[in-house]
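Asker: model the following, please.
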Amino acid sequence: MKKAETKSMAERGSGNCQRGFSMLEMVLVVSIIMIISAVAIVSMPASLQNARSDVALRQLVDQLRQAREFSIANRRYVQISFPTVGTQAEVIITEMNALTPGAGANVVLSTIPIQTPMQFTVFAAKGDTLDGFGNANAIWIGGINGGPPAGMYFQSDGQFVAALTYLPINGTVFLGVPGNLSTARAVTVMGTTGRVRGWMGAGPTWTQF
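Answerer: Below you'll find the model as predicted:
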């Protein structure tokens, strides 16, 4: 009886040894966790910056597309402007009722601040987007810095036109954090169709968003 009990205790002790961790294994596991945590902490700021850049691009693309759709659906001219208040970049969409007899006063449909710290800025090192509408300045529309002086509209057939001539104009709006090439983003508008495209410049070339 005593031999059987001794054997049973020995077996339990042996099992406990097999299920335990040695000090070396514990140190190895803790080291791996610390390395993974360090890598995550180092890469987090870049990931957050890229996420903010993408949010800013999406804001601008969505606003321009919504402005075009509103113009078509309501048969109104819709003005687009890109002011910077201090360091805050904005996009303003205005329904130009004054251009339609009896339609009343103009109405600001939306004023959207672009996700900070993104600004209207151009990166010469990135070159132009694949649409090739020019990159001489951050807002380069109709071959003019900032766009036509009298403004620019979407009109009811979807075209993007200069305010004075009502002729289609192509343009590009560039976004980014100055000095940080990986944040480069851009939006292009084709005058004849009003097509709006977003572009990402995080890689060696521009890619469509």
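
Asker: number of nearby residues for Gln155?
Answerer: 20 (other Cβ atoms under 10 Å). C-beta here means a position set from N, CA and C on the backbone, and glycine is covered the same way.

Asker: check which helix or strand Tyr188 maps to.
Answerer: No Tyr there; residue 188 is Thr. strand 180-189 (DSSP states H and E).

Asker: could you pull out the helices for the chain?
Answerer: 2-19, 23-74 (DSSP state H).

Asker: give the rounded mean pLDDT of the last one.
Answerer: The average pLDDT within helix 23-74 is 79.

Asker: neighbours of Gln208, how many?
Answerer: Using other Cβ under 10 Å, Gln208 has 11 other residues around it.

Asker: beta partners for it?
Answerer: Note on Gln208: beta-bridge partners by DSSP bridges are Trp199.

Asker: okay, now the unreliable bits of the protein?
Answerer: 1-21, 25-27, 29-31, 35-47 (pLDDT under 70).

Asker: and the residue minimising distance to the centre of it, how far is that from Arg195?
Answerer: Geometric centre of the chain, nearest residue: Asp54, 2.1 Å, by Cα atoms, centre = their mean. Distance of Asp54 to Arg195, computed by Cβ to Cβ, to the nearest Å: 20 Å.

Asker: OK, contacts around Gln49?
Answerer: Val177, Asn180, Ser182, Thr183 (Cβ atoms under 8 Å, 6 or more residues apart in numbering).

Asker: just put those in CSV and tack on distance to Ser71 and neighbour count.
Answerer: Output for the contacts of Gln49, formatted as CSV (distance: Cβ to Cβ, whole Å; neighbours: other Cβ atoms under 10 Å):
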residue, distance to Ser71, neighbour count
Val177, 32, 19
Asn180, 34, 15
Ser182, 34, 15
Thr183, 30, 26
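
Asker: I'd like these as a markdown table, with distance to Leu109 appended.
Answerer: As requested, those are exported to a markdown table (distance: Cβ to Cβ, whole Å):
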| residue | distance to Leu109 |
| --- | --- |
| Val177 | 28 |
| Asn180 | 32 |
| Ser182 | 33 |
| Thr183 | 28 |
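
Asker: rewinding a little: who's in contact with the residue nearest to the centre of the chain?
Answerer: Taking Cβ under 8 Å, 6+ apart as the test, what Asp54 contacts is Arg185, Met200, Phe209.

Asker: what of Asp131?
Answerer: Contacts of Asp131 (Cβ under 8 Å, 6+ apart): Asn170, Thr172, Thr188, Met190, Arg197.

Asker: Met200 contacts Leu57, doesn't it?
Answerer: Yes. Counting by Cβ atoms under 8 Å, Met200 touches Leu57, with 7.1 Å between them.
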